[in-house]
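Chemist: dropping a prediction and its sequence here:
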Amino acid sequence: MRLCRSLTFVHVKRGIGSAAAGVAAAVAIGIGLHPGPAAAASHCVGAEEARVHAAGDDDPVKFTAAFYRRLFTLDVALDGADGSQLPISIEQVCDVPRRLRKQAAQLAGGDGVALLLSRTTVWQDGTELFGRDAATAIDGADTASIRVRMKRPPGWSEDEDGNPVPTFRTGRVEITD
């Protein structure tokens, strides 16, 4: 980081300006002074951080309006699609700003339903799948990373016991296994 600051300072002082600062930043990235995957992973909330809710808990799951507006990436376990509904087990909630981490922790480690929409794209090994190929890939997948926005509780699906479960509009499904 010191190299980057000194390069930026020298170039700006000589009047080269922001273009040189950009070059200095590129040099810093090239020599490894940028946040790597570990820093990106810090924006995820996993099941180990999740708040455990016992059955019959008087503290219901609550989310703010900001949380409902936010797009998230969920790392999930799949068990095949049921029409346009994809039952999921949420392992991690990613792309979570610090101010929403406590709310995201309510989802991690729980179950949900991902709604497959007409605009939902399905990807596997860097290739977009369509139609029957997409449906077959989803049915055979064990895990996926999905880009979602959570619906408000009146629009939630029910589990086999009739209890509402968080439901998500899905924009992208990236099959990981």
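Modeler: Ah, there it is.
Chemist: other SSEs contacting the strand ranked longest in the chain?
Modeler: The residue-count maximum for a strand in the chain (DSSP state E) belongs to strand 111-124. With contacts taken as 3 or more Cβ pairs under 8 Å, 6 or more residues apart in numbering; DSSP states H and E, strand 111-124 sits against strand 71-78, strand 85-94, strand 127-129, helix 131-140, strand 164-165, strand 167-175. For the C-beta atoms, the positions are set from N, CA and C on the backbone; glycine is no exception.
Chemist: tabulate the ones you listed (JSON lines), appending mean neighbour count, mean pLDDT and distance to residue 105.
Modeler: Converted to JSON lines, those look like this (neighbours: other Cβ atoms under 10 Å; pLDDT from 0 to 100; distance: least, Cβ to Cβ, whole Å):
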{"stretch": "strand 71-78", "mean neighbour count": "20", "mean pLDDT": "96", "distance to residue 105": "12"}
{"stretch": "strand 85-94", "mean neighbour count": "21", "mean pLDDT": "96", "distance to residue 105": "8"}
{"stretch": "strand 127-129", "mean neighbour count": "13", "mean pLDDT": "97", "distance to residue 105": "32"}
{"stretch": "helix 131-140", "mean neighbour count": "14", "mean pLDDT": "95", "distance to residue 105": "27"}
{"stretch": "strand 164-165", "mean neighbour count": "16", "mean pLDDT": "95", "distance to residue 105": "16"}
{"stretch": "strand 167-175", "mean neighbour count": "20", "mean pLDDT": "98", "distance to residue 105": "16"}
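Chemist: please convert these to JSON lines, extending it with distance to residue 108.
Modeler: Listed next are those as JSON lines, based on distance: least, Cβ to Cβ, whole Å:
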{"stretch": "strand 71-78", "distance to residue 108": "9"}
{"stretch": "strand 85-94", "distance to residue 108": "5"}
{"stretch": "strand 127-129", "distance to residue 108": "27"}
{"stretch": "helix 131-140", "distance to residue 108": "22"}
{"stretch": "strand 164-165", "distance to residue 108": "14"}
{"stretch": "strand 167-175", "distance to residue 108": "14"}
